[in-house]
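*Asks:* coords below, sequence missing:
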């Protein structure tokens, strides 16, 4: 069906900015040999692009022949300014990269620094981290579901998804004071212990949430429109995805059971029993189902973690890294000095390089930290899963309709903050 | 991670294939790193693919200012069957920042090499489409190099400046 | 906020008013009574005030989510902090149909011309809300890649926060509504001293030299920057 003799369209058709504005028919300029092709620009301001993603689509009628994502519209230079700040200040910045999975960004960075420091995180802190990360995973998947439903036209899913997401954000607000970008994870543990009835409220949520998921599934799973739009659309085999470096629910939907929580457990994930959903066909419907089941598994993990939450410190005892409790400042001189040094300069990390990967809702999120012995990192790089997953987008939408492209983009779940950093 | 001896074995195999490819090995915090010559990078990655490291997890640039050679490229490899990670590192000077591209054999390197080019100015020879990816197309400068200024706005307390100029005196 | 309770007038007064209304319709009321009736029962205003009231109460925000703040903007639209109760839930995808641009998120230098273009495409009357710290003033990111919104476009309301709670953003929009209802809208150029930046087509300037004291006149064959 594709004519291999077509040369892909040039991205910038060598026209002046004002001339491009005046030209009415870019297709005549860009595809002189083939009048069937039309290059259309979608975005960066577009209701369906999940953020500021620009897609240069070359269409033959309604069928996509070529697509080029252009990114960089929310590039914030986070990695650059991280080099200028003390390690614990970097947590605030790094959280804002993939802005839906802030706990994962923070944990990837904290885990990398803890590895460099060879620091042991107390068990209670590990369990609290797991609970918050799994709640964040559910929140992220709910937002994916809500906006995905909105893209497909099912607006009611938007309202329902946010109803539950607001409850999770209430839990975050209860434990850390902020709904998003909470700066709850610190190097060595968590910032503060959870309030006394947080566990009870969390349990209320986990007891009710599976029924909510049942409601979602009743609404969407066997809906004829959803089946027509998602089944057998955007099929890519696992080989191609692995070549593109795709991980996460996309890879699991294609049949490869790869999950870093199981393969290389970190932060006490080996203590919990949970399943990893794997798809069979690799189409959009499998991607949808994999994420829905992942939400259920996350609920199981949270319940197990709450049941087994050990007593103990919530942050490491090493006063050179973690702030001493405030009541000690009144009595202990060392505590005062440590506090002063930590707040003004920050802790120093021995020189070295470490790459710390974790499983975020979108795939493998890795954090590379290079330290040079001072109190500021010398290089922080996040291997963001959406950035790498976007490369597989073309193979997913090649030779499908534009409407299928919208659905596939929704199922790809890109977060432009992570892509552009 | 391959442990320290496993790392040395791999490095030895690479040296057997190509005597001046491997410039060093490092085993720190249980993570294995092989430092190779830039021209040997594609061959090294192919050899490691043969040994099972079939997944290129991350490709990123690092600026080692003020140590020379200044610019580095890191390739994080993953062996999914044995859950093993290995890092291949290469370093180039700023005056000859050329590294052969691995995109033809590893499609995941496409955007990541463009990002390293955009941020550090490392030119990947053989990349199908080496352009800036995050900054505007006509931007000048390599933002993430350590000697590039951070930029931004000066912080002004404009109320006081406007109403009482020189209020700090 | 104090709630003041007023007792409705008792039935005799009500009946008297009903009879007066009947008489007015019949044409039987004379001057003093007619005056009193009109003052009690009719609402008069100027067209300007009425149009400002209508504009302020029917904002149609443009769907312009850039980054994390967009998520809290979506949270504001949703069921918990429902701005549909104020009438602002009709988010319009096309800037031609929208009148408020809620800049939710950080503006990178690549995106700034796009934002400005969208703002220019909106029709008067239009307003802009800079939501969050990044849009107001670069926020956490004081570096080469981020531009604060008021550097390149007029901003009417700043909502601080990172991200601002949905309630904060709702407060911001309601404050904007208050501002719009209170003050006449002469267009953003009058509010922010942008007179003289209008772009006028060459033939319009030729026909009517004083049409706009414009410094940018678009002539055929050149780009718009020549005067």
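*Replies:* Done, it's in. Here the structure is a predicted model, which means the values were calculated and not measured.
*Asks:* Strands of the chain, start to end?
*Replies:* I went with chain A, as the question did not name one. A:37-42, A:54-60, A:63-70, A:185-186, A:189-190, A:352-360, A:363-371, A:377-383 (DSSP state E).
*Asks:* wrong one, chain C
*Replies:* C:61-62, C:100-104, C:107-108, C:127-131, C:146-147, C:157-159, C:199-201, C:216-218.
*Asks:* Of the ones you listed, which is nearest chain A?
*Replies:* Smallest distance to chain A across those (CB to the nearest CB): 4.8 Å, for strand C:107-108. Placement of C-beta: from N, CA and C, glycine included.
*Asks:* which helices and strands sit right next to the closest one?
*Replies:* strand C:146-147 (3 or more CB pairs under 8 Å, 6 or more residues apart in numbering or on different chains; DSSP states H and E).
*Asks:* re the thing from before, same list (the strands of chain C) but as JSON lines, adding mean neighbour count and mean pLDDT.
*Replies:* Formatted as JSON lines, the strands of chain C follow (neighbours: other CB atoms under 10 Å in any protein chain shown; pLDDT from 0 to 100):
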{"stretch": "strand C:61-62", "mean neighbour count": "24", "mean pLDDT": "88"}
{"stretch": "strand C:100-104", "mean neighbour count": "28", "mean pLDDT": "91"}
{"stretch": "strand C:107-108", "mean neighbour count": "28", "mean pLDDT": "92"}
{"stretch": "strand C:127-131", "mean neighbour count": "27", "mean pLDDT": "91"}
{"stretch": "strand C:146-147", "mean neighbour count": "24", "mean pLDDT": "90"}
{"stretch": "strand C:157-159", "mean neighbour count": "23", "mean pLDDT": "92"}
{"stretch": "strand C:199-201", "mean neighbour count": "15", "mean pLDDT": "66"}
{"stretch": "strand C:216-218", "mean neighbour count": "17", "mean pLDDT": "52"}
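*Asks:* export those to a markdown table and tack on distance to residue A:96?
*Replies:* Below are those laid out as a markdown table (distance: least, CB to CB, whole Å):
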| stretch | distance to residue A:96 |
| --- | --- |
| strand C:61-62 | 23 |
| strand C:100-104 | 14 |
| strand C:107-108 | 13 |
| strand C:127-131 | 15 |
| strand C:146-147 | 11 |
| strand C:157-159 | 17 |
| strand C:199-201 | 37 |
| strand C:216-218 | 38 |
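*Asks:* Quick one: the strands of chain A as a markdown table, columns for distance to residue C:181, mean pLDDT and mean neighbour count too.
*Replies:* Shown next, in a markdown table, are the strands of chain A (distance: least, CB to CB, whole Å; pLDDT from 0 to 100; neighbours: other CB atoms under 10 Å in any protein chain shown):
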| stretch | distance to residue C:181 | mean pLDDT | mean neighbour count |
| --- | --- | --- | --- |
| strand A:37-42 | 37 | 82 | 17 |
| strand A:54-60 | 38 | 86 | 20 |
| strand A:63-70 | 41 | 88 | 19 |
| strand A:185-186 | 45 | 92 | 24 |
| strand A:189-190 | 46 | 91 | 26 |
| strand A:352-360 | 45 | 93 | 23 |
| strand A:363-371 | 47 | 92 | 26 |
| strand A:377-383 | 46 | 92 | 24 |
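*Asks:* Make JSON lines from those strands and add distance to chain C to it.
*Replies:* Formatted as JSON lines, the strands of chain A follow (distance: least, CB to the nearest CB, whole Å):
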{"stretch": "strand A:37-42", "distance to chain C": "11"}
{"stretch": "strand A:54-60", "distance to chain C": "9"}
{"stretch": "strand A:63-70", "distance to chain C": "9"}
{"stretch": "strand A:185-186", "distance to chain C": "17"}
{"stretch": "strand A:189-190", "distance to chain C": "20"}
{"stretch": "strand A:352-360", "distance to chain C": "16"}
{"stretch": "strand A:363-371", "distance to chain C": "17"}
{"stretch": "strand A:377-383", "distance to chain C": "14"}
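*Asks:* if we compare those, which one ends up closest to residue C:15?
*Replies:* Closest of the strands of chain A to residue C:15 is strand A:37-42, at 65.9 Å (criterion: CB to CB).
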